[in-house]
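[1] Sequence and predicted structure, then a few things I'm wondering about:
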Amino acid sequence: MPFLRQHEFGSNKISPYLGENYLGSHILISLGLAACGTAFWGSLSRWLNMGEFKGHKAQTWMITTLCGLALILTLGTVDILTGYAYLAAGAALVFIIITCAIKFSHHPTPKRAELKILASWLTRKHPWNGPFFFALYALLLWHNYELISGMLELSPAHKISLFINRMFTQLSLIGVLYFATRLSIDTGPRWIRPWVWIIASMAPIAIVLDRLLHGYWNQTFLGFLNKLGTKGLMNFGTELQGGGIHLSVSAFASIGLAVALIFCLLTYGTSRLARKWKLHTAPVWMLVSIVIGFTGASVEQAIGKSWKPRRNWMQEYKEFGILLSPVRPPDGLAHFQVVFRDHHWQEENPTLELKQKPDIYLVFIESFRHDALRNDVTPFLHDFATTEAQPIGHTWAASNGTHLSWFSTFTSQIATAREQSRDIARELNWPGLPCFHILQKSGYDLQVHTGKNLAFRDMRRHFHGLNGSPFSTIRENVEGDPSFDLSYPEREVIVFNGLKQLISTREAGGHLTIATIDSPHYKYSWHDDFEPPFKDYYPHAFFPSSPSLKETELIKNQYFNSLAWADSLAKDFCEHLKKEGKYDDSIIIFAGDHGEEFQEHGGWLHVSSLEDEQIKVPMLIKWPKSVGRGPEVAEASHLDLMPSLLHHMLDDAHPLDTAGESLLATPKHRTSIATTAQGGITKEAMLLTREGYKAYFSWPHYFDGRPGTDLTLTRLIGLEGDIELGSHEEYDAAIKEYFPDAFERFFESFELKIK
């Protein structure tokens, strides 16, 4: 039902369908509805079959129910039933089936003796797969222990207290799972019983996957599925490639089925042991375990409230999706009602009268974090940054994922605008970003040269257009290209050699060329002919989820080696421009699309937080020789790149309405903003940063890429650490003091909301 349609009932939107990005939540909703339906209709049918009052068998009413559901769902699909009519039809079906089933079965009103059946069911012993539930409880405790061990900010006492809480919490959850399986088995038809245990066998797989995803991407399994969404599931092949997993969908599915089969066999083995040992238990004891678990977890939270630091206490609720207690920390430092500003400069489609049209080379270097720009890793780029590029203190990616950072770089719009932009592009049959049409109309030849596949998250269609328009050339990793399906380093050699040949044959001026170096993407590679600077590096394909310090250093060495290879490509490219006499007058930009984490906050890679390791990146801009290096700037971001290029080409500091500001103009200090749809367990979707101050925000549906109007301030960090204030009003005043320019540039309104 949740996957089918979104039927909204007034402003409350009580439909179980949450939206296309809620794949994991929809799976849980479906399983919950299935369990409730089995228990309810199964109980009704068993009651109808009791005694000698069987005017019509329960099977008749089950078939009638299914036919009625099919009719309602069909009418809902074709929009004959919508909104309250859809809800009313379902309610009417329930009423009719129950009333008619009881009436035509000639069953009398339930007697007191029949009502005692429930009590007898609770106290009667049933066969019990004890080994399965004990093993599942042990697996949950291991999972929680691993997560708590990785929460580096917590004191030892806090970790012990939290683990005690998790012991009680998991005890309750095991009791709930027992009731769900027992009710489904006892009330449903016999054929459903194997399916109940097949579904239950998926629980250990989900626990293991959740642990791995915490370790690799610092996000939950549920969050991963929600972020993937139904569209991501339908394009799973490109999602795998985008995540650095080079398996076909069929191979991945085969592995998944094999794992599921193994766990089903293990569950069957535990059931055989339970029968052999003749294990039985009464459901009432599981009910007791639920009560004990809830009570214990609540007591721990009530005691912890008096001594746990607020931020660390809040972290518990970010790390663990389920904490059973009415005693909870505040859900944020302050709450705001906001409207993001819509920057219309692209939609205005202006005709630009350019005063100069230098060649522009924008080279994205994959996963290039700021502290890798150093002499022993990237010697050429380090020298380029200190002697030729504009002096910029701190440079920030617009997001922690490639597709979002590219969008903001090209459009100078906050990354939260990307989903709406993609919706419009889809309706217009993918014309390409308006900013590229503006540049083409103004006389620029546009080209893309990359070894990546741009099908990921509709990047090619959305950014560059369905048929390549307005680009004259789009070279990527597709079938038919000589570089197709080679390793990243081999592709890069072929792609950059082709680009250099093209540069040698074309006239200087009027070319915007976008290129990429992707070897620093996981699994961090370099060409066989390249001599890496770090001889001691991690030799295995997959990283450990709980690495030692030595393993972490070896993995970072592997990453640094791949960046050293990228540095050699950048050097060779610039030397070719110099050889052709096209270096001095060109604008050359080397930028990281995002950073990379190496367990600094409990995970690997990126797309899991807005911490420095994932969004603080080099952005090196060499202006034409006539301009010099450009003015010194304290902070800059991807959003500032397009306004800076427009400033140079138009000789106008503020030609259009962009979210970023020109780096060729004052002021020296400015607020940078980063947003994401991939906040991991932090659930933080926005960061404001300026002069060492940082404000992190979340919103309810942080992973769907579409910000709402309700923002929650989750952290405020100053030069000496967390800033602790006494009231929402003080936090409101503080962020407006520390980020004075942000509220005019990025928001139409930003008002404090008292909950």
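    Yes, it's here.
[2] Next, count neighbours for the nearest residue to residue 604 once chain neighbours are set aside.
    Using Cβ to Cβ, 6 or more residues apart in numbering and skipping residues adjacent in sequence, the residue nearest residue 604 is residue 216, 4.9 Å away. Backbone N, C-alpha and C define where each C-beta goes, glycine included. By other Cβ atoms under 10 Å, the residues close to residue 216 number 20.
[3] If we go by neighbour counts, what in the helix or strand hosting residue 216 is buried?
    If you go by DSSP states H and E, residue 216 is part of helix 193-217. For helix 193-217, the neighbour count (16 or more other Cβ atoms under 10 Å) marks 196-197, 200-205, 207-211, 213-217 as buried.
[4] same deal with stretch 715-727?
    So, applying 16+ other Cβ under 10 Å, buried residues of stretch 715-727: 715-717, 723.
[5] can you list these in TSV and add distance to residue 690 and secondary structure?
    Shown next, in TSV, are the buried residues of stretch 715-727 (distance: Cβ to Cβ, whole Å; DSSP: H, G, I helix; E, B strand; the rest coil):
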residue	distance to residue 690	secondary structure
715	15	strand
716	12	strand
717	12	strand
723	14	coil
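[6] Farthest pair within the residues you listed?
    Greatest spacing in those, by Cβ to Cβ: 715 and 723 (8.8 Å).
[7] helix/strand/coil for the spatially most central residue of the chain?
    Residue closest to the average C-alpha location in the chain (Cα atoms, centre = their mean): residue 678, at 3.0 Å. Here residue 678 is coil, with the state taken from DSSP: H, G, I helix; E, B strand; the rest coil.
[8] Verify the stated contact: it with residue 610.
    No - between residue 678 and residue 610 there is no contact under Cβ atoms under 8 Å: 9.5 Å.
[9] Please identify every residue contacting each of the two.
    Overlap of the contact sets of residue 678 and residue 610 (by Cβ atoms under 8 Å, 6 or more residues apart in numbering) consists of residue 400.
[10] How far does stretch 361-376 stretch from one end to the other?
    End-to-end distance of stretch 361-376 (Cα to Cα, to the nearest Å): 25 Å.
[11] Next, the buried residues of that stretch.
    361-370, 372-373.
[12] and that stretch, what's its mean pLDDT?
    Throughout stretch 361-376, pLDDT has a mean value of 97.
[13] contacting residues for the nearest residue to residue 434 once chain neighbours are set aside?
    In this structure, residue 434 finds its nearest non-sequential neighbour in residue 346, 3.7 Å apart by Cβ to Cβ, 6+ apart. Residue 346 is in contact with 411, 413, 433-435, 438, counting by Cβ under 8 Å, 6+ apart.
[14] Could you export those residues as a markdown table, including neighbour count?
    Compiled in a markdown table, these are given as follows (neighbours: other Cβ atoms under 10 Å):
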| residue | neighbour count |
| --- | --- |
| 411 | 27 |
| 413 | 28 |
| 433 | 21 |
| 434 | 20 |
| 435 | 21 |
| 438 | 20 |
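[15] mind listing the helices for the stretch 451-600 of the chain?
    Along the stretch 451-600 of the chain, counting by DSSP state H, counting those that start in this stretch, helices occupy 459, 488-505, 549-579.
[16] which other helices and strands contact the longest one?
    Helix 549-579 sits against strand 360-365, helix 379-387, helix 488-505, strand 511-517, strand 587-592, strand 597-598, with contacts defined as 3 or more Cβ pairs under 8 Å, 6 or more residues apart in numbering; DSSP states H and E.
[17] Run me through the strand neighbours of the first one, direction for each.
    Based on DSSP bridges, the strands next to strand 360-365 in the sheet, each with its direction, are strand 511-517 (parallel), strand 587-592 (parallel).
[18] State the mean pLDDT of stretch 430-440.
    92.
[19] Also stretch 203-213?
    Mean pLDDT, computed over stretch 203-213, is 88.
[20] Same question for stretch 236-248.
    On average, stretch 236-248 scores 68.
[21] Pull up the distance across that stretch, start to finish.
    9 Å.
[22] what's the answer for stretch 18-26, then?
    End-to-end span of stretch 18-26 (Cα to Cα): 8 Å.
[23] With adjacent residues omitted, what lies nearest to residue 93?
    Residue 93 sits nearest to residue 68 (Cβ to Cβ, 6+ apart), 4.6 Å away.
[24] Over to that neighbour. Which of the three states is it?
    helix.
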